[in-house]
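Undergrad: I need the structure of the sequence given here:
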Amino acid sequence: MTIYKVFCKNYDLKRGDLIGILKERRKDLRGKGVLEAGLKWAIGVFGHMVKDKHAIFIVPDKSYLKNQIIMTMGERTSLRKHSEVR
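TA: Residues are numbered from 1 along each chain as shown. Model (predicted):
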């Protein structure tokens, strides 16, 4: 699952303003990349809120991965060896 933070460029303040968050639950993006699929969806949902649709940009956030354990192969095999001994 990917979460897209949708921003609009604010040229006066030279920054992006958060206009919404979209939650992607599809695993199959139908042959498109994460950025392309998210941007097309964001323009469709939030396009009516801005004057220039080209000012919309997204930042994919995979924060759900922070809760998962990431190990190297060496760490994984040593963990497996220790669990088999017990």
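Undergrad: which stretches of this protein form strands?
TA: 2-10, 15-24, 56-61 (DSSP state E).
Undergrad: how about these, which one is nearest residue 31?
TA: For the strands of the chain, the distance to residue 31 is smallest for strand 15-24, at 14.9 Å, taking Cβ to Cβ. Where you see a C-beta, it was placed from the backbone N, CA and C, and this is true even at glycine.
Undergrad: if we can go back for a sec, would you turn the strands of the chain into TSV with distance to residue 35, mean neighbour count and mean pLDDT?
TA: Output for the strands of the chain, formatted as TSV (distance: least, Cβ to Cβ, whole Å; neighbours: other Cβ atoms under 10 Å; pLDDT from 0 to 100):
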stretch	distance to residue 35	mean neighbour count	mean pLDDT
strand 2-10	9	18	88
strand 15-24	12	13	88
strand 56-61	7	17	88
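Undergrad: any idea what residue 4 is bridged to?
TA: Note on residue 4: beta-bridge partners by DSSP bridges are residue 22, residue 60.
Undergrad: so who does residue 39 touch?
TA: Residue 39 makes contacts with 56-58, as judged by Cβ atoms under 8 Å, 6 or more residues apart in numbering.
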